[in-house]
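**Student:** sequence and predicted structure are below.
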Amino acid sequence: MAPVASGHLLALLKRTGLPIKPLLLASASIWQLPALADAPTPVVLKALQVNASALSPLPDPLHLDEQNTTGSRLGLTARETPATVEVKTQQDMQVKGLRTTKEVFSDINGATVGNVPGNPAVLTMRGFSGSAINVMQDGVRVASSTLVTRDVDTWNYERVEVLKGPSSVLSGEGALGGAVNMITRKASLDGQHVDGMFSAGSFNTRRAAIGINQPLSDTVAVRADISSLSSDSLYDIDHQNTSALGLTGSLLYTPNDDLSMLFAIDHFDDSYDSAYQGSPLVAASAAGHASGIVKNPYGLVIDKSARYLNYSPDGAHSGARSTALRWTTDYRLNDDWSLNNLASYYTARRDFFLSGEQTYNRSTGLLDRTDQRISHDHQFWSERLSATNDTLLGDFRNRFTVGGEFNYTRFSNPRQNGTTTSVDPHNPDVGSFPSSDSNNWPGAGNNVVYQSNMDTTALFAEDAFNLTPDWLWVGGVRYEDIDLRRAITDLNLGTRQSFNPTYRPFSWRMGTVYNLTPDVQLYAQYSTAVTPVSSLLLISTANGGFDLSKGRSVEVGFKASAFDGRTTVLGSLYWIRLNDILTRDPNDATLTIQGGSQVSKGMELSTSTQLTSQLQLDLGVSLVDARYDELIEAGDADRSGNHPVNVPHTTANAAVLYRLNTLPVTLGAFVKHASGFYTDTANTYFVEGHTTLDASISYELKNATVTLRGRNLTNAFYGEYSGYSSTQVFLGAPRSAELGVTFKF
C-alpha cells in the first residue's frame, strides 16, 4: 500500500484507542505460528439442493443455487427457501461502487435508506422500518437495528444476505419487515490471497483497504482486513467531516475432517463532525431559491440556496466504536448429525451530540433549535448451540435442526435535553454545543440516565422435508423468554424509578417449494413475527406495560432460470399485517392503548440476464401499498388509511454492463428510482420522487482494475428520507466523481 494510505490507516488506528503495540505484536506472532500437524483436507459437505439444473458456465447472478445462512439454519439454497432472499456479494459491491452500508442497503430491491445521525443507514423494507427490521453481523443480532447499525465501509464484508418479510422465527423479536445479515470476510485454506483498493473522489473523499488470507498449514489459516474512509462529507454538507475504520480478522482451525473452529474479531469506528440533521423547511417568502420537492398546505419549502448549510452547533457530533468477538465451532458427530456452537461478545460506545430539531419560526424568521446529548455504553454476550440432522425418512430427505440460545445485555444511556439559540437560515451563527455540566440541561426529565439489563432465552427448531423429489415443505418455530430490567434516574430531581417487563413471544412459519421443472420453482409461505412498540433497550416507563405487537404474513412467488442459466427471474406477492400498535382509545383520546394496525401488501420482481456475451442487464422493481388500518393519535386525530412515514409506493434499481470486444474495458450504467413519500403520519408533508443515474468505465489490467465512476450524473436535487422532525428532509448527494483501483494477487 502507498505510504500515504498506510499512514492514514495508522492514524485512524490510534484514534480508536485500541492498544496498537500489543495488536501489532499479536499480529506478528500469528504470522510466526509453527505449522501444526498435518491433517486431511476438511470435508466438503454434501450439497443441499432440490433437483438443481446442471451447472452453467456463467455465474449465478441472483445466487439461487448458493446456500444461504439468513433464510434458514438448514443449509438451504435460495432456490429451496420459501421466501424472497437477496444477496449482495463483495464483487457486486465493487462493480456497482457501493462504498458504505447505506449504499448497499439502498441497492436492495424494495428498500429505502436514511442516514439519520441517531441511527445511520436506517432501513425501510416492505412498509416497515427501524426496529421492525433486524440487522445482524455474522448471524448475531445484538439489539434493535436502530441501535447497532452503522454506515461503515463495505470492504470488510464478503456478502450481505437479505431475507424479506417476517423472520422472527430465525432472528428473534423485531424481524417483521425482514432481516439483513452482514457477513464478514473469513480465513480459508484455499491459498494465499492479497487484495486491496484505494480511491479518491469529490468532497475530498478517500478510501483505502487491504486484505490478506494466509494458510499457515494444512489445518490453520488466518485472514486480516483493514479499511478506512474519510470525507469532508459524503453529501457535500458544510462541517460534516466523516471517517470510518474497519478492522476484521479471523483464524480458522480444522484439525480433522469432523471438526472446524473459527475465531473472529471485528472492530468498527465511525465519526461525523457537526451531525447533519437534514434541510429544514422554511417559508417560501424567506427562501433564496425555493424548490418544489416538498408539497404541503403550509407554504413551506426546501431552500435550494441553503442546500450545503449545516445548522448544528460547533462541537456537535455523532459516532460509534464497537468490538465483537466470535467463536464458531462445527462438529460432525456422524454421517447424519452435526453440532454448531456460536459464542459471541460485543461492546460498543456511541455518542450523539446533536441539534435534533431545527424548526422554522414564522414570527421571527429564525430556526429554533434543540440540543440533545446522548451516549450508549453497550455490552452483549451470547451463546447459541444447535444440533442438525440430515437423513432419509423412508425414501425422502429430511433436514432438521433444534437448538437453544441465551443472550445477556447491559446497556447504559445518559441523556440530556435542552434548547439552544435560534439561527438565521441564511447566515447562521451556530454557536457551540454545551458541555455535560452546562446549565443548558435544567428541569425534570432533561438530565436522565437510563439503564437496562436484559436476559433472553430462546428455543428454536426448523425442518425441511421432501414429500417428493420435487416437493419440499419447510417449517420452523421459535419461543423466547425476555426478561428486561429497566431503571430511570433523574439527576435533576434526584429520583429513580424502575420496572421489569417480561415477554414470551412464540413465532412460527410454514412454507413449501415445488419444482415445476429443475429450473422453475413455485413457493408459498405463512409466517409470524413480533416487534416491540419501541426498542426494548430504550422503552419508556409509559410503554413498558405494553405487550409486543404481533405480525403475520402470506407470501407467494416463483424463482426461475432460463436459457442455460443466462436469465434468472424472481417474483413475489406478499401481504403483511401488524396488530397491536399503539393508538389512542377511541372513547378517551387521552389514553394510549394497543389496538392500532398497519397493513402492507406489495409485489417484487428481480431479474438478471446475459443478453449477449458482452451485455448484462439487472433489474429490480418493487410496489408496496402500506397503510394504517387503524390509528388514532393525540387530539383524537384519526390517521386510519394514511401511509407510514418514509415508505415510497414504487422503487426500482437497474444496472447495465457492457464489455468491449477490442479492449478490456467494461462500461456500466446504474439507475435508481423512488417515488414520493410522506414525512408525517398525518400525510401533510409529501416529498416528491426522484431518479438518479450513475455510470462507470473500468479498465482491467493483469492483477488490477481501474475504475472511473460518476454518481448522480444529472445532479438531481431530491429528498431521500426524513428524520426526527417532519419538517426536516435529508437531501441526496449532488453530482460527484471517483477514481479507484482494486487489485488482487
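**Tutor:** It's in.
**Student:** dump the residue contacts of the residue nearest to Leu548 when sequence neighbours are not counted.
**Tutor:** Excluding the flanking residues, the one nearest Leu548 by Cβ to Cβ, 6 or more residues apart in numbering is Val530, at 4.2 Å. From N, CA and C alone the C-beta is placed, and that goes for glycine too. Counting by Cβ atoms under 8 Å, 6 or more residues apart in numbering, Val530 touches 168, 173-174, 176, 503, 505, 507, 548-551.
**Student:** Val530 - that's part of a strand, no?
**Tutor:** Yes. Under DSSP: H, G, I helix; E, B strand; the rest coil, Val530 falls within a strand.
**Student:** what subset of the contacts of Val530 is buried?
**Tutor:** 168, 173-174, 176, 503, 505, 507, 548-551 (16 or more other Cβ atoms under 10 Å).
**Student:** picking up where we left off before, which among the contacts of Val530 gets closest to Val477?
**Tutor:** Val477 lies nearest to Ser507 out of these, by Cβ to Cβ, at 7.2 Å.
**Student:** so that closest one is in which element?
**Tutor:** strand 506-517 (DSSP states H and E).
**Student:** what does Arg384 give?
**Tutor:** Per DSSP H and E: strand 366-393 holds Arg384.
**Student:** now the strands for the stretch 151-300 of the chain?
**Tutor:** Secondary structure of the stretch 151-300 of the chain, counting by DSSP state E, counting those that start in this stretch: strands at 157-164, 178-184, 193-201, 205-215, 220-231, 242-256, 259-273, 279-283, 294-295, 300-302.
**Student:** so which of those strands is the most surrounded?
**Tutor:** strand 178-184 (a mean of 25; mean count of other Cβ atoms under 10 Å).
**Student:** pretty sure Ile488 sits in a strand.
**Tutor:** Yes. Counting by three-state DSSP, Ile488 is part of a strand.
**Student:** pLDDT at it, what is it?
**Tutor:** Note on Ile488: pLDDT of 95.
**Student:** the nearest residue to Asn109 once chain neighbours are set aside and Thr84, how far apart?
**Tutor:** Spatial nearest neighbour of Asn109, excluding adjacent residues (Cβ to Cβ, 6+ apart): Gly620 at 3.4 Å. Gly620 sits 11 Å away from Thr84, going by Cβ to Cβ, to the nearest Å.
**Student:** which residues do the two both contact?
**Tutor:** Glu604.
**Student:** show me where the protein has its helices.
**Tutor:** For the chain, the helices defined by DSSP state H occupy 3-16, 20-31, 90-96, 101-106, 145-148, 168-171.
**Student:** by mean pLDDT, show me the worst of those helices.
**Tutor:** Confidence, taken as mean pLDDT, is least for helix 20-31 of the helices of the chain (a mean of 38).
**Student:** show me where the stretch 1-150 of the chain dips below the pLDDT cut-off.
**Tutor:** Scanning the stretch 1-150 of the chain for pLDDT under 70 picks out the ranges 1-60.
**Student:** ditto for the chain
**Tutor:** For the chain (pLDDT under 70), the answer is 1-60.
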